[in-house]
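J.: sequence first, then the predicted structure, then my questions.
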Amino acid sequence: MMRSVLACVFAGCLVVVLAGCPPVNSGTASLRVIQASPDAVSTDVAVNRVCVFQDLAFGSVTSYTDLQSGFYEVNFLPQGSDCYEDPYLAGAYFSTAVALTDGDQVTMVSMGKKADMFPLVLGGVSSTPAAGKALLRVVHASPDMPKVDVTQMNGGMLFNDVAFEDVTDVVELAAGTYTLQVRNETSASLYLAVPDVFLASGRVYTAYVIGLKSGAPALQVMLVEEN
């Protein structure tokens, strides 16, 4: 199972999700869901018209679910929906199809506000960090925030020109504790500073920038372990 640790420290908010190893049985793939839509209070997710993930609040990260390889219909629905009937009664926030092949690790992220919610589908990170290093990538999932740069507190650039929906390549960093800054790509104005971001040796992480620049829920960074 996963456990999440919420640490709000003055200038920023960091959510760390620690994930156990996903299932990798022969003939199967792994699917999990991240609920990043800021105004969808609670969401159910149906896979082939069966409720698989339920009552997902903003910022929820599910455990991986093991599925047989193949094609699946995935529906994101308001909490309490009939997962069998509602997708066909215009009740879904969105419906999409996903192909899962043997050994896949797939994360489906609900993006945008609920009126125009859509999926972002990510694969796992296949790279392995060197000894004493960690890997980090960023997903821009804040619908009202323009392009951003992600920097270190000392001004070192990690990711630049990251637009809403973008998934960056991974960068390799020395294991340790960092302060991550999210800045306006054009003016360098600081949107968010997140202290005490710990990257462990040998680990791979995705940092999701979620929430709203203006309004609630506020901007935060959610750090998700990938291995």
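T.: Here it is on my side, so go on.
J.: might you list the low-confidence residue ranges for this structure?
T.: 1-26, 86-89 (pLDDT under 70).
J.: that one: helices as residue ranges?
T.: Ranges of helices in the chain, per DSSP state H: none exist.
J.: residue 44 reaches residue 50, doesn't it?
T.: No. Residue 44 is beyond contact range of residue 50, at 10.6 Å (criterion: Cβ atoms under 8 Å). In short, each C-beta sits where N, CA and C put it, glycine included.
J.: out of those two, which sits in the busier spot?
T.: When residue 44 and residue 50 are compared for neighbours, residue 44 comes out ahead with 22 against 9, by other Cβ atoms under 10 Å.
J.: residues in contact with that one?
T.: Residue 44 is in contact with 51, 53, 54, 55, 56, 76, 77, 78, 79, 80, 81, 83, counting by Cβ atoms under 8 Å, 6 or more residues apart in numbering.
J.: residue 96: which of these is nearest?
T.: The shortest approach to residue 96 among the contacts of residue 44 belongs to residue 76, at 8.4 Å (Cβ to Cβ).
J.: find the nearest non-adjacent residue to that closest one, please.
T.: residue 93 (4.4 Å; Cβ to Cβ, 6 or more residues apart in numbering).
J.: equivalent analysis for residue 122, please.
T.: Nearest non-adjacent residue to residue 122 (Cβ to Cβ, 6+ apart): residue 107, at 4.5 Å.
J.: my read: residue 129 touches residue 171, true?
T.: No. Counting by Cβ under 8 Å, residue 171 is not a contact partner of residue 129; they are 10.3 Å apart.
J.: so what sits against both of these two?
T.: With Cβ under 8 Å, 6+ apart as the test, residue 129 and residue 171 both reach residue 135.
J.: which one's more surrounded, the two?
T.: More neighbours surround residue 129 than the other of residue 129 and residue 171, with 22 against 14 (other Cβ under 10 Å).
J.: quick revisit: between residue 44 and residue 50, which contacts overlap?
T.: Counting by Cβ under 8 Å, 6+ apart, the residues touching both residue 44 and residue 50 are residue 83.
J.: quick one: residue 54 from residue 93, how far?
T.: 14 Å (Cβ to Cβ, to the nearest Å).
J.: again, but for residue 103
T.: Distance from residue 103 to residue 93, by Cβ to Cβ: 29 Å.
J.: who's more crowded, those two?
T.: residue 93 (23 against 16).
J.: surely the more buried one meets residue 117?
T.: Yes. Using Cβ under 8 Å, residue 93 is in contact with residue 117, at 4.3 Å.
J.: what's the overlap in contacts for the two?
T.: The contact lists of residue 93 and residue 117 share 37, 40, 76, 110, where a contact means Cβ under 8 Å, 6+ apart.
J.: how far away is the first one from residue 154?
T.: Pointing back at residue 37 there. Separation of residue 37 from residue 154 (Cβ to Cβ): 34 Å.
J.: same check on the second one?
T.: When distances are taken as Cβ to Cβ, residue 40 and residue 154 turn out to be 37 Å apart.
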